[in-house]
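Novice: quick one, structure for this:
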Amino acid sequence: MAKGWIFSALLVLFLVMAPACEAFYLPGSYMHTYRQGEEIGAKVNSLTSIETELPFSYYSLPYCRPKGGIKKSAENLGELLMGDQIDNSPYRFHVNVNESLYLCTTSPLDEDDVKLLKQRSQDLYQVNMILDNLPVRRFTEQNGMTIQWTGYPVGYTPEGTSDVYIINHLKFKVLVHKYEGGKVRVVGTGEGMEVISESDTDTDAKSGYEIVGFEVVPCSVKRDPEAMSKLTMYEKVDSVSCPVELEKSQMIREKEQITFTYEVEFVNSDIRWPSRWDAYLKMEGAKIHWFSIMNSLMVILFLAGIVFVILLRTVRRDLTRYEELDKESQAQMNEELSGWKLVVGDVFREPTSSKLFCVMIGDGVQILGMAIVTIFFATFGFMSPASRGMLLTGMIFLYMLLGILAGYAAVRLWRTVKGTSEGWRSVSWSTACFFPGIVFIVLTVLNFMLWSRNSTGALPISLFFTLLSLWFCISVPLTLLGGFLGTRAEPIEFPVRTNQIPREIPSKNYSWLLIFGAGTLPFGTLFIELFFILSSIWLGRFYYVFGFLLVVLLLLVVVCAEVSVVLTYMHLCAEDWRWWWKAFFASGAVAFYVFLYSINYLVFDLRSLSGPVSATLYIGYAFIVSLAIMLATGTVGFLTSFSFVHYLFSNVKID
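Specialist: So this is what the prediction gives:
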């Protein structure tokens, strides 16, 4: 479930000005210095692939196991939801000691082992290794360009052959930076600053080596299994020059024994520890991001011209003329009124399915608040990738805490529509369960599919109960509290009275096609950034230009507000007083185009995505994201239109 959760997090989430517009990065973990010769153990994460999107455990394949047994690293809520399974590995290094070592030789491969290894290799599964919290990187040459990848493949199939070869030898390069420690210490006194020299012992204790890079060159080497099996783990072996000729590579076939070896080289580097993640977080295409923002600004200026130059001037002129007339002239003018002035007695009439409407507005407020706060903190580096799962964990807890806003918004709107607080508990409960309930049902179905494939992305039963406990012990009570506060708040007073008998709506009114067509304008604001997000998530890359994402989100809010105001005014001019739902969907329709674009990306950009399970997972996650976007953007559109209509009719005089 890893990428879908991240997918949902990124799309429903103040620019730091820099040439590349990259988010400021706080390392997220404390610096650790290592002594000369100190032993360091590498860890392994789940096997991942851009072909199937189903993560599997590293030890689901016949790899060498550590001497002390497999031990899982501590996992936070975000890591569990992302499908990470971080275990210890037999790969160990000694700081600043270059060596080439033997690990183990497997038993003869049986039919199942061969089938599994070939399948994982053909599906382009990658082994993800971690050293001092840094993912391993490798580099490949393609069309004269150097491409960076995280992890290394399980195996490969050379062009022109059907044979599959396993990666069984790894050449590691560990970049280290010499850290000398502090020479002096500054201590504040009551009257000033005092400099105290540190002893040599203190300085030596702080000195050491920082790990600032972790790279690998994988290759396949065929070794004599009989000679190798006589060795014990970590005995020295000959170094290997990668790549190896095909005839000297290790093929995957039955009754073949595979020997795993590795070598490590430590290289001094000028990279400082706070900058060691820069190579991972660097994202190309800053000009395209700026083009996206400029494109959005053009849309905003166009719509602003319509709203402020045409609409507001027209409305102001009508109101001014109306106020300048005497009563007799006003009465005569009332007979000649047309357009929005004719629906004055129906414009604030209760919408159909008013309870559902209030619930969706409440959930929209909650999702929008979570997205803005999450992306804001991520922009300033407080949810860095160095802290795995922090982004998702923070998103979940922010969503639960903001339940108080959801309950307040839903119940206050309910009181405004109904004129009474009766039924507020039902509204609060529905708000607390509507969106999370849909997400829970969809993810449960997807989780059964992952369980059937023995994927590490499947959530354990214990985590299901943990999420349910968080939902009903934190989110629901806070939503009910917000609903209670909503009953104590003053309802919004309508500026005009509502007639008892609804006014007949002319048959010639604007269709829903116009509403859904309006969603193309907000979609034009975000589709370029959406491509980068999808590429980062589904192709296994880091996305960390949250500064751009925050700007695009704010621009999206502005465009949604303007689109809804324009469409609402058009409907009122057509004497259609049923504007509530239409204002919501005028901007919420952007979710429809996001979903279509996601399907387009699946068909044309993820052509390698194989199997109905992977496609179903992708579509399920896309549906969740689209629903969240609809609620958030629809809420923006309605609240803006409500303010516009309230202001418009509060200036109309009625006897």
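Novice: switch to C-alpha atoms for all contacts and neighbour counts from now on
Specialist: Noted.
Novice: look up phi and psi at the closest residue to residue 65 other than its chain neighbours.
Specialist: Excluding the flanking residues, the one nearest residue 65 by CA to CA, 6 or more residues apart in numbering is residue 90, at 5.8 Å. Torsion angles at residue 90 (phi, psi; degrees, to the nearest 10) stand at phi -80, psi -10.
Novice: for residue 90, give me its contacts.
Specialist: Contacts here follow CA atoms under 8 Å, 6 or more residues apart in numbering; on that basis residue 90 touches 41-42, 64-67, 103.
Novice: can you check residue 561 too?
Specialist: 587, 636-637, 640-641.
Novice: return the closest of those with respect to residue 430.
Specialist: Of all these, the one with the least separation from residue 430 (CA to CA) is residue 636, at 20.3 Å.
Novice: helix/strand/coil for that closest one?
Specialist: helix (DSSP: H, G, I helix; E, B strand; the rest coil).
Novice: would you confirm that it contacts residue 554?
Specialist: No. Contact between residue 636 and residue 554 fails when scored by CA atoms under 8 Å: they sit 11.2 Å apart.
Novice: compare those two (neighbour count), which wins?
Specialist: residue 636 (27 against 13; other CA atoms under 10 Å).
Novice: can you pull out the helices in the stretch 351-500 of the chain?
Specialist: 354-379, 390-401, 403-418, 424-452, 461-470, 476-488 (DSSP state H, counting those that start in this stretch).
Novice: ok, which of those helices comes nearest residue 645?
Specialist: Nearest of the helices of the stretch 351-500 of the chain (CA to CA): helix 403-418, 14.6 Å.
Novice: CA atoms of that closest one as PDB?
Specialist: C-alpha atoms of helix 403-418 as PDB (Å, rounded to 0.1, in the frame of the first residue of the first chain):
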ATOM      1  CA  GLY A 403     -11.700  16.800  12.900                       C
ATOM      2  CA  ILE A 404     -12.700  19.600  15.300                       C
ATOM      3  CA  LEU A 405     -12.800  22.000  12.300                       C
ATOM      4  CA  ALA A 406     -14.800  19.500  10.300                       C
ATOM      5  CA  GLY A 407     -17.500  19.100  13.000                       C
ATOM      6  CA  TYR A 408     -17.700  22.800  13.600                       C
ATOM      7  CA  ALA A 409     -18.100  23.700   9.900                       C
ATOM      8  CA  ALA A 410     -20.600  21.000   9.200                       C
ATOM      9  CA  VAL A 411     -22.900  21.700  12.200                       C
ATOM     10  CA  ARG A 412     -22.700  25.500  11.800                       C
ATOM     11  CA  LEU A 413     -23.800  25.200   8.200                       C
ATOM     12  CA  TRP A 414     -26.500  22.800   9.200                       C
ATOM     13  CA  ARG A 415     -27.800  25.300  11.800                       C
ATOM     14  CA  THR A 416     -27.600  28.000   9.100                       C
ATOM     15  CA  VAL A 417     -29.700  25.900   6.600                       C
ATOM     16  CA  LYS A 418     -32.200  24.500   9.100                       C
END
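Novice: quick one: distance of it to the chain centre.
Specialist: 28 Å (CA atoms, centre = their mean, to the nearest Å).
Novice: again, but for stretch 640-647
Specialist: Worked out by CA atoms, centre = their mean, stretch 640-647 lies 32 Å from the chain centre.
Novice: next: stretch 42-49.
Specialist: Per CA atoms, centre = their mean, the centroid offset for stretch 42-49 relative to its chain is 20 Å.
Novice: could the contacts of residue 90 go into TSV alongside neighbour count and secondary structure?
Specialist: Shown next, in TSV, are these (neighbours: other CA atoms under 10 Å; DSSP: H, G, I helix; E, B strand; the rest coil):
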residue	neighbour count	secondary structure
41	14	strand
42	19	strand
64	18	coil
65	15	coil
66	16	coil
67	9	coil
103	26	strand
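Novice: turn these into a markdown table, including distance to residue 538.
Specialist: Converted to a markdown table, the contacts of residue 90 look like this (distance: CA to CA, whole Å):
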| residue | distance to residue 538 |
| --- | --- |
| 41 | 29 |
| 42 | 25 |
| 64 | 29 |
| 65 | 30 |
| 66 | 31 |
| 67 | 35 |
| 103 | 33 |
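Novice: neighbour-wise, give me the winner out of the contacts of residue 561.
Specialist: residue 587 (38 neighbours).
Novice: that older thread, list just the nearest of the contacts of residue 561 to residue 523.
Specialist: residue 587 (9.4 Å).
Novice: about what we covered before: just the contacts of residue 90 now: which is nearest residue 595?
Specialist: When the contacts of residue 90 are compared against residue 595 (criterion: CA to CA), the nearest one is residue 42, at 39.7 Å.
Novice: closest one to residue 209 among the helices of the stretch 351-500 of the chain?
Specialist: Nearest of the helices of the stretch 351-500 of the chain (CA to CA): helix 390-401, 26.9 Å.
Novice: residue 101 versus residue 127, what's the distance?
Specialist: Distance, residue 127 to residue 101, by CA to CA, to the nearest Å: 19 Å.
Novice: give me the more crowded residue out of those two.
Specialist: Set side by side, residue 127 and residue 101 show unequal neighbour counts under other CA under 10 Å, the larger going to residue 101 at 23 against 20.
Novice: okay, and the beta partners of the more buried one?
Specialist: Bridge pairing for residue 101 (DSSP bridges) gives the partners residue 236, residue 262.
Novice: check contacts around the spatially closest residue to residue 154 that is not a sequence neighbour.
Specialist: Distances taken as CA to CA, 6+ apart place residue 121 nearest to residue 154, at 5.4 Å, with adjacent residues excluded. Neighbouring residues of residue 121 by CA under 8 Å, 6+ apart: 153-157, 164, 166.
Novice: coming back round to it: now render the contacts of residue 561 as a markdown table, adding pLDDT and distance to residue 468.
Specialist: Putting those into a markdown table (pLDDT from 0 to 100; distance: CA to CA, whole Å) gives the following:
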| residue | pLDDT | distance to residue 468 |
| --- | --- | --- |
| 587 | 91 | 32 |
| 636 | 95 | 29 |
| 637 | 93 | 32 |
| 640 | 93 | 34 |
| 641 | 91 | 36 |
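Novice: just put these in TSV and tack on distance to residue 359.
Specialist: What follows is the contacts of residue 561, written out as TSV (distance: CA to CA, whole Å):
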residue	distance to residue 359
587	17
636	14
637	15
640	17
641	18
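Novice: tell me the one of these nearest residue 274?
Specialist: Using CA to CA, the contacts of residue 561 come closest to residue 274 at residue 636, 38.9 Å.
Novice: quick one: the closest one and residue 277, what's the gap?
Specialist: 36 Å.
Novice: please apply the same query to residue 42.
Specialist: With distances taken as CA to CA, residue 42 is found 18 Å from residue 277.
Novice: so, low pLDDT: which residues of the stretch 401-550 of the chain?
Specialist: Flagging of the stretch 401-550 of the chain using pLDDT under 70 yields the residue ranges 507-511, 539-545.
Novice: try 80
Specialist: Scanning the stretch 401-550 of the chain for pLDDT under 80 picks out 456-457, 498-513, 524-525, 527-529, 531-532, 535-548.
Novice: quick one, phi/psi of residue 89?
Specialist: The phi/psi pair for residue 89 (degrees, to the nearest 10) is phi -140, psi 170.
Novice: give me the neighbour count for it.
Specialist: 24.
Novice: contacting residues around it?
Specialist: Contacts of residue 89 by CA under 8 Å, 6+ apart are 41-44, 65-66, 70.
Novice: how much space between residue 533 and residue 403?
Specialist: Distance from residue 533 to residue 403, by CA to CA: 27 Å.
Novice: which one's more surrounded, these two?
Specialist: residue 403 (31 against 22).
Novice: what is the neighbour count of the closest residue to that one other than its chain neighbours?
Specialist: Of all residues not flanking residue 403 in the chain, residue 479 sits nearest, at 4.6 Å (CA to CA, 6+ apart). The number of residues packed near residue 479 is 33, by other CA under 10 Å.
Novice: residue contacts, residue 479?
Specialist: So residue 479 contacts 403-408, 428-429, 431-432 (CA under 8 Å, 6+ apart).
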